[in-house]
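> Provide a 3D model corresponding to the input given below.
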Amino acid sequence: MSEHPNRRIILAARPIGYPKESDFRLVEESVPEPRDGQVLIRSLWLSLDPYMRGRMRDAPSYAAPVQIGEVMTGGVVGRVVVSRNDDYEAGDIVEGRIGWQDYAVSSGSNIRKVDETLAPISTAVGVLGMPGLTAYFGLLDIGRPEPGDTVVISAASGAVGAIVGQLAKMAGCYVVGIAGSDLKTGYIRGELGFDATINYKTENVRTRLVDLCPGGINVYFDNVGGDITDAVLENIADFARIVVCGQISQYNAETPELGPRNMGVLVRHQARVEGFLVGQFAHRYQEARVRMGTWVENGSLKYKEDIVEGLENAPKAFIGMMNGANFGKLLVRIGTE
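The predicted model follows:
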């Protein structure tokens with residue numbers, strides 16, 4: 001089948017606090033042989049995303065945890081190299097959650113063909129993949145921005161937040177992004193068109209929100225939770241919409257923080273807090289991909305990729321992401337297109 005082994009990165013131990021490289025292990029196995037009805041996929045691009053930290057924890061959640069010894073979960077863009085499935089041909093570019101490995105077999109039920117005409121294929125796990133879809137539906141369907149609204153986004157330079165900000169600008173909103181370095185805040189303000197930014201590591205978030213949002217915050221897209229969310233809630237407007245997408249500040253905590261405790265502001269401002277999973281909008285994915293693909297093509301929707309070379313470097317890159325080291329959508333290039 002292949003003269004090369006199938007390298008796989010498996011979960012070696014459940015992390016305590018922040019993940020360590022010893023929590024992962026690279027193993028080599030034979031390349032699997034597809035059976036009738038299956039395809040063999042060669043991985044090209046692996047997406048690294050914060051949700052993976054939750055899957056490393058053996059705790060109840062919306063998806064089953066990765067078991068010790070199992071390949072790490074993750075979205076991949078790959079090429080079909082052998083097909084025994086009538087719906088796919090060798091050479092097809094596909095995307096699916098097939099994990100941190102060089103090769104995988106699939107029945108076809110967990111993959112989709114990638115439209116290579118929309119944008120570079122790496123975007124199938126980025127701006128036109130799960131992060132982009134999360135931004136699109138989270139902001140437009142849950143946040144429901146109106147022209148003139150003030151929209152605040154945490155982790156605003158990340159794969160989701162950067163898209164949310166641009167979509168909010170398209171909707172005619174005043175957009176404030178919160179990020180963790182001057183480089184990141186400069187990018188989202190100068191390149192992506194955010195109206196204002198806050199560097200949460202060097203500035204007082206509460207004070208800056210009061211200065212930048214004198215009329216209150218109409219929509220908050222929450223990617224981080226914790227102290228930043230507490231600060232935002234103190235400055236929401238009447239009928240505010242708080243979109244809970246992620247809680248990255250809590251993902252490595254062994255004991256989750258209590259809070260927010262200032263829930264009275266939700267009553268006072270008649271605000272709405274709503275969490276969501278992008279999968280609830282699966283029936284509308286194509287709508288979003290086509291619209292955003294058009295925006296990417298005409299330059300009105302920009303994206304940034306942070307590319308790491310080699311599957312063997314995925315654990316280190318993932319750990320760095322959990323500490324805010326990445327700048328843009330974090331991808332691992334596994335194979336050549």
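> so where do the helices sit in this structure?
Using DSSP state H, the helices of the chain run over 51-55, 130-137, 161-170, 182-190, 205-212, 226-233, 264-268, 285-298, 314-322.
> out of these, nearest to Ala90?
helix 285-298 (24.1 Å; Cβ to Cβ). All C-beta spots, glycine's among them, are computed from the backbone N, C-alpha and C.
> who's in contact with that closest one?
Applying Cβ atoms under 8 Å, 6 or more residues apart in numbering, the contact partners of helix 285-298 are 115, 118-119, 123, 127-128, 132-133, 136-137, 163, 170, 281, 301-303.
> could you list the low-pLDDT ranges of the stretch 151-300 of the chain?
251-254, 256, 258-259 (pLDDT under 70).
> that older thread, got TSV for the helices of the chain, with distance to Trp45 and mean neighbour count too?
Output for the helices of the chain, formatted as TSV (distance: least, Cβ to Cβ, whole Å; neighbours: other Cβ atoms under 10 Å):
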stretch	distance to Trp45	mean neighbour count
helix 51-55	15	18
helix 130-137	13	26
helix 161-170	18	26
helix 182-190	22	18
helix 205-212	34	17
helix 226-233	30	21
helix 264-268	40	12
helix 285-298	16	16
helix 314-322	11	20
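> okay if I get those helices as TSV plus distance to Ala90?
Formatted as TSV, the helices of the chain follow (distance: least, Cβ to Cβ, whole Å):
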stretch	distance to Ala90
helix 51-55	30
helix 130-137	26
helix 161-170	33
helix 182-190	40
helix 205-212	52
helix 226-233	48
helix 264-268	54
helix 285-298	24
helix 314-322	26
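> so which of these gets nearest Asp23?
Of all the helices of the chain, it is helix 314-322 that lies closest to Asp23, at 7.6 Å by Cβ to Cβ.
> which secondary structure elements does that closest one sit against?
Secondary-structure packing of helix 314-322 (3 or more Cβ pairs under 8 Å, 6 or more residues apart in numbering; DSSP states H and E): strand 329-333.
> among the helices of the chain, which comes closest to Asp87?
Closest among the helices of the chain, using Cβ to Cβ: helix 285-298, at 16.7 Å.
> pull the CA atoms of the closest one into PDB?
What follows is helix 285-298, C-alpha atoms only, in PDB (Å, rounded to 0.1, in the frame of the first residue of the first chain):
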ATOM      1  CA  TYR A 285     -23.100  24.500   6.300                       C
ATOM      2  CA  GLN A 286     -23.100  24.800   2.600                       C
ATOM      3  CA  GLU A 287     -24.900  28.200   2.800                       C
ATOM      4  CA  ALA A 288     -22.100  29.500   5.000                       C
ATOM      5  CA  ARG A 289     -19.300  28.000   2.900                       C
ATOM      6  CA  VAL A 290     -20.600  29.500  -0.300                       C
ATOM      7  CA  ARG A 291     -21.200  33.000   1.200                       C
ATOM      8  CA  MET A 292     -17.800  33.100   3.000                       C
ATOM      9  CA  GLY A 293     -16.000  31.600   0.000                       C
ATOM     10  CA  THR A 294     -17.300  34.500  -2.100                       C
ATOM     11  CA  TRP A 295     -16.100  37.000   0.500                       C
ATOM     12  CA  VAL A 296     -12.700  35.300   0.700                       C
ATOM     13  CA  GLU A 297     -12.400  35.400  -3.100                       C
ATOM     14  CA  ASN A 298     -13.300  39.100  -3.300                       C
END
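> off-centre distance for it?
Put simply, helix 285-298 sits 17 Å off its chain's centre (Cα atoms, centre = their mean, to the nearest Å).
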